[in-house]
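S.K.: fold the following and give me the result.
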Amino acid sequence: MPAATAPRLAPSILSADFTRLGEEIAAAEAAGADLIHFDVMDGLFVPNISIGLPVLAAVRRATRLPIDVHLMIDRPERYLEAFVEAGADWLTVHIEGAIHLHRTLAQIRELGAHPGVTLNPGTPAAALDEVLPLVDLVLVMSVNPGFGGQAFIEGQLAKIATLHATLDAKNPDAILAVDGGVHAENVARVVAAGADRIIAGSAIFNDRQSVAEATAELRAGMAEGLAQRAGGR
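M.R.: Just a heads-up that it's a prediction; the model follows:
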């Protein structure tokens, strides 16, 4: 992504009030969200169970924004077609959970969705080298996946910077996203390190401020980080 292009913001509905999910999505859209992030957990790949196909279909009906589906599940290739049919525009799988990753990424593209690959905090950036030319998105997990509201792992900033440079060389059209513990106080550093897409859950959906107020704070930090990146700091 060119340095002058503002990073995109994708609110994660994992932290939304599910008794008011349609309203929460509408509020995020009105506040200027670029995408909706949808986390799927199976209780096997991660120690939690979240939401699945029926909820995704409902979210698809509730918004015109692209939906970015993050499959934190074991053997995601079993469900790719179902999630695309339910409304996924972007479909991201874990390198640690997809046995035949090359084939899985190719299948996502064949289904008409944007293929993405993500890696856990303990997985080195170099593990993605063989598949980087195949993806439209690389997602850095800055927390260990499975639960919302965790603290950002500071060591992931170096991984973000490494992947930003690697993508510039190997796949400059791909998006570099970051998910986990990103909030108004640290988002500038995350963007300065190279993030093109910010995924935020509890930083947007919380009981301290409105969705619009939270989004404005994040946007301000993102703009600061972009200026720092452009200045080479």
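S.K.: just give me the longest helix of this protein.
M.R.: If you go by DSSP state H, the chain has its longest helix at helix 211-230.
S.K.: give me the distance from it to the chain's centre.
M.R.: The chain centre lies 17 Å from the centre of helix 211-230; the measure is Cα atoms, centre = their mean, to the nearest Å.
S.K.: before we move on, what about stretch 117-128?
M.R.: That offset, for stretch 117-128, works out to 14 Å (Cα atoms, centre = their mean).
S.K.: what residues does it touch?
M.R.: Residues external to stretch 117-128 that are found in contact with it (Cβ atoms under 8 Å, 6 or more residues apart in numbering): 70, 92-96, 101, 105, 131, 135, 137-145, 153, 155-156, 159, 162-163, 166, 179. C-beta coordinates here come from the backbone N, C-alpha and C atoms, glycine included.
S.K.: for PyMOL, what selects the buried ones among those residues?
M.R.: A single PyMOL command selects the buried members of the contacts of stretch 117-128 (16 or more other Cβ atoms under 10 Å):
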select buried, resi 70+92+93+94+96+101+105+131+135+137+138+139+140+141+142+143+145+153+156+159+162+163+166+179
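S.K.: out of the contacts of stretch 117-128, which are inside helices?
M.R.: Taking DSSP H, the ones among the contacts of stretch 117-128 that sit in helices are Leu101, Leu105, Gln156, Lys159, Thr162, Leu163, Thr166.
S.K.: would you mind measuring from the fourth one to Ala98?
M.R.: Okay, so that is Lys159. 19 Å (Cβ to Cβ, to the nearest Å).
S.K.: re the thing from before, from the ones in helices among the contacts of stretch 117-128, which single one is nearest Ala200?
M.R.: Gln156 (15.0 Å; Cβ to Cβ).
S.K.: phi first, then psi, for the closest residue to the closest one other than its chain neighbours.
M.R.: Once flanking residues are discounted, Gln156 sits nearest to Ser142: 4.2 Å by Cβ to Cβ, 6 or more residues apart in numbering. Recorded main-chain torsions at Ser142 are phi -100, psi 10, according to degrees, to the nearest 10.
S.K.: swap in Leu9?
M.R.: Dihedral angles (degrees, to the nearest 10) for Leu9: phi -120, psi 130.
S.K.: give me every residue that touches it.
M.R.: Gly32, Ala33, Asp34, Leu35, Arg197, Ile198, Ala200, Thr215, Leu218, Arg219, Met222.
S.K.: the second one contacts Ser12, doesn't it?
M.R.: No - contact criterion Cβ atoms under 8 Å: Ala33 and Ser12 do not qualify, at 10.4 Å.
S.K.: neighbour count for these two, which is higher?
M.R.: Ser12 (24 against 21; other Cβ atoms under 10 Å).
S.K.: what's across from that one in the sheet?
M.R.: Following DSSP bridges, Ser12 is listed with bridge partners His37.
S.K.: surely it touches Ala203?
M.R.: No - judged on Cβ under 8 Å, Ser12 makes no contact with Ala203 at a distance of 9.1 Å.
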